[in-house]
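Participant: heads up, no residue letters with this:
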């Protein structure tokens, strides 16, 4: 089977990974402890064995030192046998300067080469014979005869019991390490599985979610702190999704409602025009009427496209210095004829400069100004005031009119929202102007507020002053 057709390996679960980590940690810790313990025991046995060899050599040396005559030399083997009574694990070999064996005990433990007088590999050495382990130490003594003669003594010690004990210890440590690692893995698996139960609930909750069922929430009380943060973030995400879906549903319904009226008007006028033969003048009137509806549709679609760009961060980035009083004065000149027709005065005070897109900021102020003109009664005035407050430039559009209830003020910037039928009937707006204004202001790093009390409604735009905006840009770069 080709490699391309092989099924990809599934990665190990987090529970399994943590269980393996627990097992590896336990095994590593126990192996380290076992090696240290084994080394300590082995060193202790080496010290005991060295002490036994030194003690026997010291005893032999003491007896040799008391051999000062030929009679004492003949009696030396007997005295050595007396010293070695009960020490079957010790072999002794004494040779003179010519290699002749003077005394031997337990000679079967020695290698044949040592018995024939071959030189020893060193003062201390080890070997195996018949499956047993031996160590030996060699030392030279001087017989205190009238003519002193050297005597070499080799003491061999059977250490098989120590080696066997160390092998058993290592075997038991290995088995214990394996069992402890398996037990640690099991405990780690159980603990991790129990600790990850809140994550399992997150998974089950996510599987039950749909556009029609966003009310599911994850309980946070019994979750550990680390998972509680995830649960809180997940529940917060669900809250935002639920609100977004609700707004999207309302937005879709509002779009359908707003588009239905001009489309219905177009269909009705077209059906009436086609119901019987008409002259060119009647058709032109119908086409003019349809053109107004098309223009209304085009404005609505353009506004929705603008809001869609704002939602996705595709609006132009502010890049130029904008003198707000200049733009406001140009707008007042544009609306002057409409204001005179309605008997409304226009006022401008103050100045301020910000960094932004001139056309977008003019559109934002224009939306507020046209909204104010629609709702200002004859003989009253609409005022624009610009001032610097701290690090911000504040542009206010104030108009007298009916006080808007406080509970409705936060809804003014929602799309297609109108305070009441009477206000909406005064114009042809689709309820997108204030939403567009808020998007423009937020794109420029500011915010917008509205206050309505005592018959006066004031919209306030807060934007970073030009010098502060430049400083922020330099720090960002």
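Facilitator: Looks like it arrived, so ask away. Computed from a predicted structure; not experimentally measured.
Participant: list the contacts for the closest residue in space to residue 103 that isn't next to it in sequence?
Facilitator: Among residues not flanking residue 103 along the chain, residue 94 sits closest, at 4.2 Å (CB to CB, 6 or more residues apart in numbering). Placement of C-beta: from N, CA and C, glycine included. Counting by CB atoms under 8 Å, 6 or more residues apart in numbering, residue 94 makes contact with 60, 80, 101, 102, 103, 104, 151, 152, 153, 154.
Participant: Helix, strand or coil: sort out the first one for me.
Facilitator: The assignment at residue 60 comes out as helix when based on DSSP: H, G, I helix; E, B strand; the rest coil.
Participant: next helix or strand past the helix or strand where residue 231 lies?
Facilitator: Using DSSP states H and E, residue 231 sits within helix 225-274. For helix 225-274, the following helix or strand on the C-terminal side (DSSP H and E) is helix 280-311.
Participant: helices and strands around that next one, which ones?
Facilitator: With contacts taken as 3 or more CB pairs under 8 Å, 6 or more residues apart in numbering; DSSP states H and E, helix 280-311 sits against helix 225-274, helix 433-443.
Participant: To residue 329, which of these lies closest?
Facilitator: helix 433-443 (19.0 Å; CB to CB).
Participant: Now restrict the contacts of residue 94 to buried residues only.
Facilitator: 60, 80, 102, 103, 104, 151, 152, 153, 154 (16 or more other CB atoms under 10 Å).
Participant: Which phi and psi values does the closest residue to the first one other than its chain neighbours adopt?
Facilitator: The spatial neighbour of residue 60 that comes closest, neighbours along the chain excluded (CB to CB, 6+ apart), is residue 153 at 5.1 Å. Phi and psi for residue 153, reported as degrees, to the nearest 10, are phi -120, psi 130.
Participant: got the contact list for residue 153?
Facilitator: Contacts of residue 153 (CB under 8 Å, 6+ apart): 57, 60, 61, 64, 92, 93, 94, 138, 139, 140, 141.
Participant: how much space between it and residue 87?
Facilitator: Distance, residue 153 to residue 87, using CB to CB, to the nearest Å: 15 Å.
Participant: same check, this time on residue 154
Facilitator: 15 Å.
Participant: In the stretch 301-450 of the chain, where is pLDDT below threshold?
Facilitator: Low-confidence segments of the stretch 301-450 of the chain (pLDDT under 70): 303, 307-316, 318, 415-431.
Participant: next one: the stretch 1-150 of the chain
Facilitator: Residues of the stretch 1-150 of the chain meeting the criterion pLDDT under 70: 1-10, 117-122.
Participant: For it, which segments are assigned as strands?
Facilitator: 90-96, 101-105, 124-129, 132-143, 149-158 (DSSP state E, counting those that start in this stretch).
Participant: Could you measure from residue 123 over to residue 57?
Facilitator: In terms of CB to CB, residue 123 sits 11 Å off from residue 57.
Participant: With residue 445 instead?
Facilitator: 93 Å.
Participant: sorry, back to before: looking at the helices and strands packed on helix 280-311, which is buried most?
Facilitator: helix 433-443 (a mean of 21; mean count of other CB atoms under 10 Å).
Participant: Run through the neighbouring helices and strands of that one.
Facilitator: helix 280-311, helix 358-374, strand 447-453, strand 456-464.
Participant: So for residue 339, which of those sits nearest?
Facilitator: Proximity to residue 339 (CB to CB) singles out helix 358-374 among the helices and strands packed on helix 433-443, at 6.3 Å.
Participant: Could you spell out the sheet neighbours of the helix or strand just after that closest one, each with its direction?
Facilitator: Once the chain leaves helix 358-374, the next helix or strand it forms, by DSSP H and E, is strand 381-389. Using DSSP bridges, the strands paired with strand 381-389 in its sheet are strand 345-350 (parallel), strand 392-400 (antiparallel).
Participant: winner for burial among these?
Facilitator: It is strand 392-400: most buried of these by mean count of other CB under 10 Å, with a mean of 21.
Participant: Look up how far residue 264 lies from residue 256.
Facilitator: Distance from residue 256 to residue 264, by CB to CB: 12 Å.
Participant: for residue 65, same thing?
Facilitator: 132 Å.
Participant: about what we covered before: pick out whichever of residue 123 and residue 57 has more residues nearby.
Facilitator: residue 57 (18 against 10; other CB atoms under 10 Å).
Participant: Make sure that one is actually in contact with residue 140.
Facilitator: No - using CB atoms under 8 Å, residue 57 is not in contact with residue 140, being 10.5 Å away.
Participant: Could you check how many residues crowd around residue 356?
Facilitator: By other CB under 10 Å, neighbour count at residue 356 equals 27.
Participant: Next, give phi and psi for it.
Facilitator: Dihedral pair for residue 356: phi -180, psi -170, per degrees, to the nearest 10.
Participant: Is it in contact with residue 463, as I believe?
Facilitator: Yes - at 7.1 Å, residue 356 counts as touching residue 463 under the criterion of CB under 8 Å.
Participant: which residues are in contact with both of those two?
Facilitator: residue 444.
Participant: Quick check: buried residues in stretch 271-289?
Facilitator: 273, 286.
Participant: Repeat that for stretch 172-186.
Facilitator: Going by 16+ other CB under 10 Å, stretch 172-186 has these buried residues: 173, 177, 181, 184, 185.
Participant: Brilliant, that's me finished.
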